[in-house]
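Trainee: All I have is the shape, not the residue letters:
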């Protein structure tokens, strides 16, 4: 992993250690056809501290739709402008336009948006890496978080 990047939580593991909670065409519709999941769901009980994965600037801070309370940090990685996107938050400690440093406490996980009422085993931080601030539907304008982290903590957790 690049030294300018760190993990969003103190302990990072994919929810239920299931590929269904990773990036790509990993979910199923009711009719059995594949559907996309745009990021990684990290296991996190409500109130888990979230940290900035990099130095950057807060460019999204809103509470709406399926993602609920959400924020995004604009940052540069390998000469490319990217956005670290955090969703289903409970509380945010930064403001729109705030400059953040890697490892700054920025938020706490929650159950906002379509994560409301999930049992403890399914509580999570939804995390994406976007190539556009306002991505199109599906997987467009997003890359797997593995692009910046280097590996996916699917079966074994990684300390932040």
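Mentor: Okay, I see it. Nothing here was measured: the structure is a model prediction, and the numbers come from that model.
Trainee: Could you pull out the helices in this protein for me?
Mentor: In the chain, the segments counted as helices under DSSP state H are 146-149.
Trainee: how about the strands in it?
Mentor: 11-12, 24-28, 34-37, 40-43, 49-51, 56-64, 68-77, 80-92, 99-100, 105-109, 124-130, 142-143, 158-159 (DSSP state E).
Trainee: Nearest to residue 2, out of the ones you listed?
Mentor: Among the strands of the chain, the nearest to residue 2 by C-beta to C-beta is strand 68-77 (7.0 Å). Any C-beta I mention is one placed from the backbone N, CA and C, and that applies to glycine too.
Trainee: hang on, the earlier thing: export the strands of the chain to a markdown table and tack on mean neighbour count and distance to residue 150?
Mentor: Formatted as a markdown table, those follow (neighbours: other C-beta atoms under 10 Å; distance: least, C-beta to C-beta, whole Å):
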| stretch | mean neighbour count | distance to residue 150 |
| --- | --- | --- |
| strand 11-12 | 18 | 12 |
| strand 24-28 | 13 | 17 |
| strand 34-37 | 14 | 20 |
| strand 40-43 | 25 | 13 |
| strand 49-51 | 21 | 17 |
| strand 56-64 | 16 | 19 |
| strand 68-77 | 21 | 12 |
| strand 80-92 | 21 | 15 |
| strand 99-100 | 17 | 21 |
| strand 105-109 | 21 | 22 |
| strand 124-130 | 24 | 12 |
| strand 142-143 | 20 | 13 |
| strand 158-159 | 12 | 10 |
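Trainee: Dump those strands into a markdown table; add distance to residue 5 and mean pLDDT as well.
Mentor: Shown next, in a markdown table, are the strands of the chain (distance: least, C-beta to C-beta, whole Å; pLDDT from 0 to 100):
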| stretch | distance to residue 5 | mean pLDDT |
| --- | --- | --- |
| strand 11-12 | 12 | 97 |
| strand 24-28 | 21 | 83 |
| strand 34-37 | 21 | 87 |
| strand 40-43 | 14 | 97 |
| strand 49-51 | 11 | 98 |
| strand 56-64 | 11 | 98 |
| strand 68-77 | 7 | 98 |
| strand 80-92 | 9 | 98 |
| strand 99-100 | 13 | 98 |
| strand 105-109 | 15 | 98 |
| strand 124-130 | 10 | 98 |
| strand 142-143 | 13 | 97 |
| strand 158-159 | 12 | 94 |
